[in-house]
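1. Next one to model:
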Amino acid sequence: MYEEKWPFGGQNSPENKNQANDEKLKHVIALLLEDAKRLQQLEPNAGTEARIWIAIKSLKCESDDYLINHN
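-> Next up is the predicted model:
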């Protein structure tokens, strides 16, 4: 299970709020990425594939592993 750590002086510090917001954004991007991959399987589109690639890179995923395991 994920264990949160507070390296900058407490749970309510601005740094930790920013980190929490970043994690939420990454989670939302990952959910949208899953939806886009499903749509791409139903109706292939080069533009959608390009945006999927950008999202994968922005999440710092191993794109080759992701694409191989999720096609």
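2. for this protein, which helix is longest?
-> Using DSSP state H to define each element, the chain has its longest helix at helix 14-42.
3. Which elements pack onto that one?
-> Applying 3 or more C-beta pairs under 8 Å, 6 or more residues apart in numbering; DSSP states H and E, one finds that helix 14-42 makes contact with helix 46-58. Using the backbone N, CA and C atoms, a C-beta is placed for each residue, glycine as well.
4. how about a cut-off of 10 Å?
-> Where contact means 3 or more C-beta pairs under 10 Å, 6 or more residues apart in numbering; DSSP states H and E, helix 14-42 is packed against helix 46-58, helix 63-70.
5. got the angle for it vs helix 46-58?
-> Calculated by axes from the mean of the first three to the mean of the last three C-alpha atoms, to 10 degrees, helix 14-42 forms an angle of 150 degrees with helix 46-58.
6. Which of the residues in helix 14-42 are classified as buried?
-> Buried residues in helix 14-42, defined by neighbour count with 16 or more other C-beta atoms under 10 Å: N16, Q19, L33, A36, K37, Q40.
7. returning to what we had before: quick one: which of the helices and strands packed on helix 14-42 has the weakest pLDDT on average?
-> Sorting these by mean pLDDT places helix 63-70 lowest, at a mean of 50.
8. Number of residues surrounding the residue nearest to L32 when sequence neighbours are not counted?
-> In space, and not counting its chain neighbours, L32 is closest to A55: 7.2 Å by C-beta to C-beta, 6 or more residues apart in numbering. Neighbour count of A55, defined by other C-beta atoms under 10 Å: 18.
9. For Q19, see how far away A55 is.
-> 20 Å (C-beta to C-beta, to the nearest Å).
10. could you dump the buried residues of helix 14-42 to JSON lines with distance to G47?
-> Listed next are those as JSON lines, based on distance: C-beta to C-beta, whole Å:
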{"residue": "N16", "distance to G47": "37"}
{"residue": "Q19", "distance to G47": "32"}
{"residue": "L33", "distance to G47": "15"}
{"residue": "A36", "distance to G47": "11"}
{"residue": "K37", "distance to G47": "14"}
{"residue": "Q40", "distance to G47": "10"}
